[in-house]
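>>> Task: produce atomic coordinates for the following.
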Amino acid sequence: MEHSDTNNQIDAFKSAISESKRIVGFTGAGISTESGIPDYRSKGGIWDKFQPVYIEEFISDEGKRVLYWQRKQELWKDLSNALPNKGHLFFKHLYDEGKLAGLITQNIDGLHEKSGLPKDIIVNLHGTNLEVTCLDCGFTVPAQDVFGRLDLEQGVPLCPECSGFFKPNTISFGQQLRGEDLSRANDLAVSCDLMIVVGSTLVVQPASSIPSIAKEKGALLSIITLSETPLDSYADFVFHLKVDDFITIFQS
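Sure, this is the predicted structure:
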């Protein structure tokens, strides 16, 4: 896209935002890479280095549980120090203006919460690393309480209430997304007048079908991501830019 075309598109996008009354955000890994959060699926990402641990393996194999927690411990260093960037603050600004009805994210880093968005308008489709929960009784604690004293040489952490397996409150490979979260995301998609997708390649199902639902129900669709997506030809606004670069142009 030529520079002048980009500016014209951004002007039209600004007009759409000003006319919208119920905006919904949809975010993927690309919004958080500029905060130092690794991108799981891209070349050189964590799944290039590690085989994922499936939920069945986590439950049945102590060695796999230790491996899972070792990786989470490594990731926690990045997550606990990460701060929201311009992309996260863009959505917080829309919320402060009374325009953001909800935020659906595929990310598990908690940066939307850290930006100041209320927890109750965020749908964490893949769960959150900010919590650790018991697979048996559901007892949940802040992740910092567990990682702050985690010593895997003593074994993996167990629930203090029932001695069940503790696990970060995220969706693992082989686990279904929570029906309640999918239902909330669907409700937001059918009721918004503008959906803004940031940093998602829109290829991971079923999450990636949500922007299609919004468009089918009459909402405008905007996509801001570095790579092409399957919905580019379907969207009203497409910006193939880094999130930081887009926000810089948008705010100028």
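
>>> Tell me who's in contact with Glu161.
The neighbourhood of Glu161, defined by Cβ atoms under 8 Å, 6 or more residues apart in numbering, consists of Cys134, Cys137, Phe139. (Each C-beta comes from the backbone N, C-alpha and C, glycine too.)

>>> For it, report the pLDDT, please.
Glu161 is assigned 97 on the pLDDT scale.

>>> Any figure for the gap between it and Glu62?
Remark: distance between Glu161 and Glu62 (Cβ to Cβ, to the nearest Å) = 21 Å.

>>> In helices only, show me the contacts of Glu161.
Among these, DSSP state H puts none in helices.

>>> Can you flag which of the residues you listed belong to strands?
Cys134 (DSSP state E).

>>> Show me which of the contacts of Glu161 are buried.
Among these, the ones that count as buried by 16 or more other Cβ atoms under 10 Å are Cys134.

>>> which SS state does the one residue sitting closest to the centre of the chain fall under?
Among the residues of the chain, the one closest to the centroid is Asn107, at 2.2 Å (Cα atoms, centre = their mean). Asn107 falls in the coil class when you classify it by DSSP: H, G, I helix; E, B strand; the rest coil.

>>> can you map out the strands along the stretch 51-200 of the chain?
Here the stretch 51-200 of the chain has its strands, by DSSP state E, counting those that start in this stretch, at 100-105, 122-124, 127-134, 140-142, 166-170, 194-198.

>>> need these in CSV with distance to Asp11, can you?
Formatted as CSV, those follow (distance: least, Cβ to Cβ, whole Å):
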stretch, distance to Asp11
strand 100-105, 21
strand 122-124, 29
strand 127-134, 36
strand 140-142, 43
strand 166-170, 39
strand 194-198, 15
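
>>> Pro230: which of those is closest?
Closest of the strands of the stretch 51-200 of the chain to Pro230 is strand 194-198, at 11.5 Å (criterion: Cβ to Cβ).

>>> which residues touch the closest one?
16-17, 20, 22-28, 30-31, 87, 90-91, 189, 210-211, 214-215, 219-225, 229, 231, 235, 243.

>>> Could you verify my assumption that Leu152 touches Glu74?
No. Applying Cβ atoms under 8 Å as the test, Leu152 and Glu74 come out as separate, 11.2 Å apart.

>>> how close does Cys137 get to Ser115?
With distances taken as Cβ to Cβ, Cys137 is found 31 Å from Ser115.

>>> sorry, that was for Thr201
With the distance defined as Cβ to Cβ, Thr201 ends up 22 Å from Ser115.

>>> And Gly164, by the same measure?
Distance, Gly164 to Ser115, using Cβ to Cβ: 33 Å.

>>> ok, those two, which is more surrounded?
Using other Cβ atoms under 10 Å as the criterion, Gly164 and Ser115 rank with Ser115 on top: 20 against 15.

>>> What are the boundaries of the helices in the protein?
Counting by DSSP H, the helices of the chain are 3-19, 46-49, 55-60, 62-81, 86-96, 111-114, 143-147, 179-191, 210-216, 243-251.

>>> Which single one of the contacts of Glu161 is nearest to Thr170?
Closest to Thr170, out of all of these and judged by Cβ to Cβ, is Cys134, at 14.0 Å.

>>> Hmm, that closest one is touching Asn169, no?
No. Applying Cβ under 8 Å as the test, Cys134 and Asn169 come out as separate, 9.8 Å apart.

>>> what residues are shared contacts of those two?
Joint contacts of Cys134 and Asn169 (Cβ under 8 Å, 6+ apart) are Thr140.
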